[in-house]
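In: no sequence on this one, just coordinates:
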């Protein structure tokens, strides 16, 4: 359903049902799918052929969203393809034990298992399940490296930021912190004040979508092409940051409220972390004539949230710097997605990371949505290429190069690629304003 809501009046102004759309997958549905697949006689028969039926309760079923590959059985359905791993025990890292070549295709709307694929059914030469424990849970580990010396972040006078509701002010910055079930962390109304004048920079900033394409055409791995944000939900799968080491220093946490599978509000406590970090050297100069040294130390404000999607943790960080920079960093952690192979025979589509365990080649491609308002709402995107003119009257010594700027005035014109040979970059400028040297202010 798509709707328009008047928050002030608390009324739904209009709504529209979209039959062609597909809802995101919820955690509750994932656990339901696992239970359903384990009970299916075709799945149990496939386990029996491999001698694994007695361990069916140890099976871990990860459902993945799929694209449209033209299969008639999938037409018009909300279909997921399941990959299978198994545990040696309750806390065991099951990604160390892939059950290769066994998949279940399920209609999530009806919980009907449409098909069970056993890619080794005909010839029986199945890839054995790697059994070596490769664990990360502290309760299962007996050896640890010596502990590091304590590293404390101490702010005896409190943090430099101030929080009022969802509004944050820090140094010369102000912004509002937002969150939703799809994108997760969203920043609104980012502005920078200088000499008492507030200058708007970004109206809205988020990671709007991302996709993880896997590069293996083998068995059912070609289906791995997941939109982890739009199909699973960076916000709905966000962690509660309560372990004490997700953030360090003097911290302010924000809770987030997201809808559950039935649309009821669900609160994720401490979903967003706000804190300051040391940012190293900001600026230094030694005057050789006077013998004087001037040094400026830098700090930055970090706004972060961490999301678990299956095997991966996506740690999302927005940074504001004292010099006016805005920076985004995505840290991928957790565990790589694994499949099985015959030991020593990984093939060309991945790397054997342990005997019989394969990590397939893949990418994580992120799409940032930046609604800019540099010194106001009327902005233009400018493409900047470094040009080295050929030797001639304009370049008599062969050493000349300069930056050539070209406004991108239409969306079709602005579908661009990076060009490292030209050191290409883009900047968003306000063509209606001028700075103190007479050019248009902008953000690179």
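Out: The structure has been received and is ready for your questions. Here the structure is a predicted model, which is why all the values come from computation and not from measurement.
In: which intervals of the stretch 51-200 of the chain have sub-threshold pLDDT?
Out: The stretch 51-200 of the chain contains residues with pLDDT under 70 at 123.
In: list the contacts for residue 310?
Out: 62, 337 (C-beta atoms under 8 Å, 6 or more residues apart in numbering). C-beta here means a position set from N, CA and C on the backbone, and glycine is covered the same way.
In: same thing with residue 170?
Out: Applying C-beta under 8 Å, 6+ apart to residue 170 gives the contacts 160, 161, 162, 276, 301, 320.
In: Equivalent analysis for residue 33, please.
Out: Contacts of residue 33 (C-beta under 8 Å, 6+ apart): 61, 63, 80, 82, 106, 108, 111.
In: State the distance from the third one to residue 63.
Out: It refers to residue 80. 4 Å (C-beta to C-beta, to the nearest Å).
In: joint contacts of these two?
Out: With C-beta under 8 Å, 6+ apart, residue 80 and residue 63 have common neighbours 25, 33, 106, 108.
In: ok, how many other residues are close to the last one?
Out: The local packing of residue 108 (other C-beta atoms under 10 Å) involves 20 other residues.
In: repeat for the third one
Out: Residue 106: 27 surrounding residues under other C-beta under 10 Å.
In: Name every strand pairing with the helix or strand containing it and say which way it goes.
Out: Assigned by DSSP states H and E, residue 106 belongs to strand 102-107. Using DSSP bridges, strand 102-107 pairs in its sheet with strand 79-86 (antiparallel), strand 112-118 (antiparallel).
In: Show me what it is in contact with.
Out: Residues from elsewhere that reach strand 102-107, judged by C-beta under 8 Å, 6+ apart: 33, 36-37, 40, 43, 46-47, 50, 61, 63, 73-74, 77-84, 112-119, 219-220.
In: And the shared contacts of residue 80 and residue 63, which is closest to residue 365?
Out: Relative to residue 365, the closest of these is residue 25; by C-beta to C-beta it sits at 19.7 Å.
In: List phi and psi for that closest one.
Out: With angles defined as degrees, to the nearest 10, residue 25 sits at phi -80, psi 140.
In: Can you get me a residue count around it?
Out: Neighbouring residues of residue 25 were enumerated by other C-beta under 10 Å; the total is 22.
In: before we move on, what SS does residue 230 have?
Out: helix (DSSP: H, G, I helix; E, B strand; the rest coil).
In: how much space between the nearest residue to it once chain neighbours are set aside and residue 252?
Out: Using C-beta to C-beta, 6 or more residues apart in numbering and skipping residues adjacent in sequence, the residue nearest residue 230 is residue 209, 5.2 Å away. With distances taken as C-beta to C-beta, residue 209 is found 28 Å from residue 252.
In: Also residue 367?
Out: Taking C-beta to C-beta, one finds residue 367 at 29 Å from residue 252.
In: Settle it for me: which of these two has more neighbours?
Out: Using other C-beta under 10 Å, the more surrounded residue of residue 367 and residue 252 is residue 252, with 17 against 13.
In: How about the contacts made by that one?
Out: 159, 161, 163, 273, 274, 275.
In: Then residue 319?
Out: Contacts of residue 319 by C-beta under 8 Å, 6+ apart are 277, 300, 301, 302, 303, 325, 326, 327, 328, 329.
In: want to try a markdown table for those, with pLDDT and secondary structure as columns?
Out: Converted to a markdown table, the contacts of residue 319 look like this (pLDDT from 0 to 100; DSSP: H, G, I helix; E, B strand; the rest coil):
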| residue | pLDDT | secondary structure |
| --- | --- | --- |
| 277 | 95 | strand |
| 300 | 97 | strand |
| 301 | 98 | strand |
| 302 | 97 | strand |
| 303 | 98 | strand |
| 325 | 95 | coil |
| 326 | 97 | strand |
| 327 | 97 | strand |
| 328 | 97 | strand |
| 329 | 97 | strand |
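In: Give me the local confidence score for the residue nearest the centre of the chain.
Out: With distances taken as C-alpha atoms, centre = their mean, residue 314 lies nearest the centre of the chain, 4.8 Å away. According to the prediction, residue 314 has pLDDT 96.
In: correct me, but it touches residue 232?
Out: No - using C-beta atoms under 8 Å, residue 314 is not in contact with residue 232, being 10.4 Å away.
In: mind checking which helix or strand the residue lying closest to residue 50 once chain neighbours are set aside is in?
Out: In space, and not counting its chain neighbours, residue 50 is closest to residue 126: 5.7 Å by C-beta to C-beta, 6+ apart. Assigned by DSSP H and E, residue 126 falls within no helix or strand.
In: for residue 126, phi and psi?
Out: With angles defined as degrees, to the nearest 10, residue 126 sits at phi -70, psi 150.
In: how near is it to residue 218?
Out: Taking C-beta to C-beta, one finds residue 126 at 14 Å from residue 218.
In: between these two, who's got more neighbours?
Out: Each of residue 126 and residue 218 has its neighbours counted (other C-beta under 10 Å); residue 126 has more, 21 against 16.
In: Spit out the contact partners of that one.
Out: Shown in contact with residue 126 (C-beta under 8 Å, 6+ apart): 49, 50, 100, 101, 120.
In: Among those, which one has the most neighbours?
Out: residue 100 (27 neighbours).
In: isn't that residue right up against residue 338?
Out: No - counting by C-beta under 8 Å, residue 338 is not a contact partner of residue 100; they are 9.3 Å apart.
In: on that earlier part again, can you flag the buried ones in the contacts of strand 102-107?
Out: Neighbour counting by 16 or more other C-beta atoms under 10 Å classes 33, 36-37, 43, 46-47, 50, 61, 63, 74, 77-84, 113, 116-119, 219-220 among the contacts of strand 102-107 as buried.
In: Brilliant, that's me finished.
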